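Novice: what's the 3D shape of this:
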Amino acid sequence: MSIVTCIAPVNIAVIKYWGKRDEQLILPVNDSISASLDTNQLCAKTTIMASPDFDVDRIWLNGREESINNPRLQNCLREVRKRAQLSPEMESWKLHICSKNNFPTAAGLASSAAGYACLSATLAKLYKVEGDISTIARSGSGSACRSVYGGFVRWYAGTDPNGSDSIAKQIAPPSHWPEMRILILVVNDERKKTSSALGMKNSVLTSELLKYRAEHCVPKRVEEMQQAIMDKNFEKFAELMIKDSNQMHAVCLDTTPPCFYLNNVSFGIIDLIHAYNEASKCVKVGYTNDAGPNTVLYLLEKNVPEVLGLLDYYFPSESMKNVEYKRGNPPQSFPLSKELISKINREKNQPGHLKYIIHTRVGDGPTYLENPREHLLDSKGLPVEL
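Specialist: Numbering: from 1, shown residues only. Sure, this is the predicted structure:
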């Protein structure tokens, strides 16, 4: 018997991946850049046990047994086994896999990225795979390749038809920009109607804007974003992120049939952030939306209290006594001044438009858990919680 447990982070892109040039190999039409978030707030956790006593491979996800024949899961298993450094006997052992997220799945919070990065890292240790594993993670979910590293990460689209150069590399570790903070505004944590995979496929087939974006916009923007990160130039970082997020969703609208990931609350948040930055006479907050209505704010630590005060005022919770409304790193909020409220000049929303807020930071990549109590599988290879 051999067992490994790992946690891996969610990553939130600041230059978006939207569209594949090869559906089978999951090769993107353009480079992308993201930040991996602190696993204390958002992570996937996976335990894998290999044993000669198991008859078949099995997998449990978030408390339910699922089919092991998921094509993307099989992609990861196949890629890992190609590079395995085990005895032939152990290579034939069957696997039991148990994985869970500490955040909502399929709600536009990058659950597949964390999940497949975690699966790949856990498999890599179990099978003694050495070197870069971002290509293994990419074979499960494209953006998962960025979650195999901490800090700020770039996924290179590559040009090789076999995908050998479509890999992720770390731009800078979390310690490079320790003042960076992230507020995740959860508008809706239910499963989205149009999956990212289907949305991207339709965009590649029907959107002229996607082609223009990939060829003319992103190549320059991704270099500028990398430089902004290295220079810790927040205003440039935020401006590029905002433009790229809005452009990705413009591509979604340019798709046939159109993909609607944002809702009225998302648009209200976006409008408020622009009004706040204008009233502040500088860019204090940048926003980005993945394929879902939840808006992610990037900002510097010194501005967190005021921005939380901004959200308290314009997007109040249904019950301000609800301690679960604000989650993550202990958040403080400052009341807005009457002068700032006057400059912003927006109507307050009715309570309850935001379900909750997660306050976090840039964090590390996958981490292996050595304590046996952390395993999700018991000594017989069955889920501990079932």
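Novice: Tell me the secondary structure at the closest residue in space to residue 43 that isn't next to it in sequence.
Specialist: Nearest residue to residue 43 in three dimensions, chain neighbours excluded: residue 7, at 4.6 Å (Cβ to Cβ, 6 or more residues apart in numbering). For every residue, glycine as well, the C-beta is placed using N, CA and C. Counting by DSSP: H, G, I helix; E, B strand; the rest coil, the backbone at residue 7 sits in strand.
Novice: Can you give me the distance of residue 7 to residue 60?
Specialist: Distance of residue 7 to residue 60, computed by Cβ to Cβ, to the nearest Å: 17 Å.
Novice: Neighbour count: the two, which is higher?
Specialist: Higher neighbour count among residue 7 and residue 60: residue 7, with 23 against 20, using other Cβ atoms under 10 Å.
Novice: Count the neighbours of the closest residue in space to residue 355 that isn't next to it in sequence for me.
Specialist: What sits nearest to residue 355 in space, not counting adjacent residues and going by Cβ to Cβ, 6+ apart, is residue 186, at 4.7 Å. Burial of residue 186 is recorded as 22 neighbouring residues (other Cβ under 10 Å).
Novice: Residue 186 bridge partners, please.
Specialist: Note on residue 186: beta-bridge partners by DSSP bridges are residue 356.
Novice: what about it, distance to residue 354?
Specialist: 7 Å.
Novice: same question, residue 254
Specialist: According to Cβ to Cβ, residue 254 and residue 354 sit 29 Å apart.
Novice: So between those two, which is more surrounded?
Specialist: Between residue 254 and residue 354, counted using other Cβ under 10 Å, the more crowded position is residue 354 (22 against 17).
Novice: For the nearest residue to that one once chain neighbours are set aside, give me its contacts.
Specialist: The spatial neighbour of residue 354 that comes closest, neighbours along the chain excluded (Cβ to Cβ, 6+ apart), is residue 315 at 4.9 Å. When contacts are counted by Cβ atoms under 8 Å, 6 or more residues apart in numbering, residue 315 touches 185, 265, 268-269, 272, 349, 353-354.
Novice: Now rank the residues you listed by neighbours and give me the top one.
Specialist: Counting neighbours by other Cβ under 10 Å, residue 269 leads these with 25 neighbours.
Novice: Can you name the residues that contact that residue?
Specialist: Neighbours of residue 269 in contact, by Cβ under 8 Å, 6+ apart: 185, 187, 287, 295, 315.
Novice: For the stretch 251-386 of the chain, just list every one of the helices.
Specialist: 264-280, 304-314, 338-344 (DSSP state H, counting those that start in this stretch).
Novice: Help me confirm that residue 5 comes into contact with residue 366.
Specialist: No. Applying Cβ atoms under 8 Å, one finds residue 5 not in contact with residue 366, separated by 10.9 Å.
Novice: More neighbours: those two, which one.
Specialist: It is residue 366, of residue 5 and residue 366, that has more neighbours when counted by other Cβ under 10 Å, with 27 against 24.
Novice: Quick check: the gap between the more buried one and residue 7.
Specialist: 7 Å.
Novice: and for these two, which residues touch both?
Specialist: Residues touching both residue 366 and residue 7 (Cβ under 8 Å, 6+ apart): residue 118.
Novice: ok, so of the contacts of residue 315, who is nearest residue 216?
Specialist: Comparing these against residue 216 with Cβ to Cβ picks out residue 269 as the nearest, at 28.6 Å.
Novice: burial count for residue 56?
Specialist: Residues near residue 56, counting by other Cβ under 10 Å: 8.
Novice: shouldn't it be in contact with residue 93?
Specialist: No. Between residue 56 and residue 93 there is no contact under Cβ under 8 Å: 11.4 Å.
Novice: Low-confidence ranges, the stretch 101-250 of the chain, go.
Specialist: 104-110, 189-190 (pLDDT under 70).
Novice: Looking at the contacts of residue 269, spot the one nearest residue 69.
Specialist: residue 187 (33.9 Å).
Novice: Distance from the helix or strand in which residue 198 is found to the middle of the chain?
Specialist: Following DSSP states H and E, the helix or strand that holds residue 198 is helix 196-206. Centroid displacement of helix 196-206 relative to its chain, using Cα atoms, centre = their mean, to the nearest Å, is 19 Å.
Novice: Residues in contact with that helix: which ones?
Specialist: With Cβ under 8 Å, 6+ apart as the criterion, helix 196-206 contacts 18-21, 23, 29, 112, 210, 251-252, 254-257, 259, 261, 290-291.
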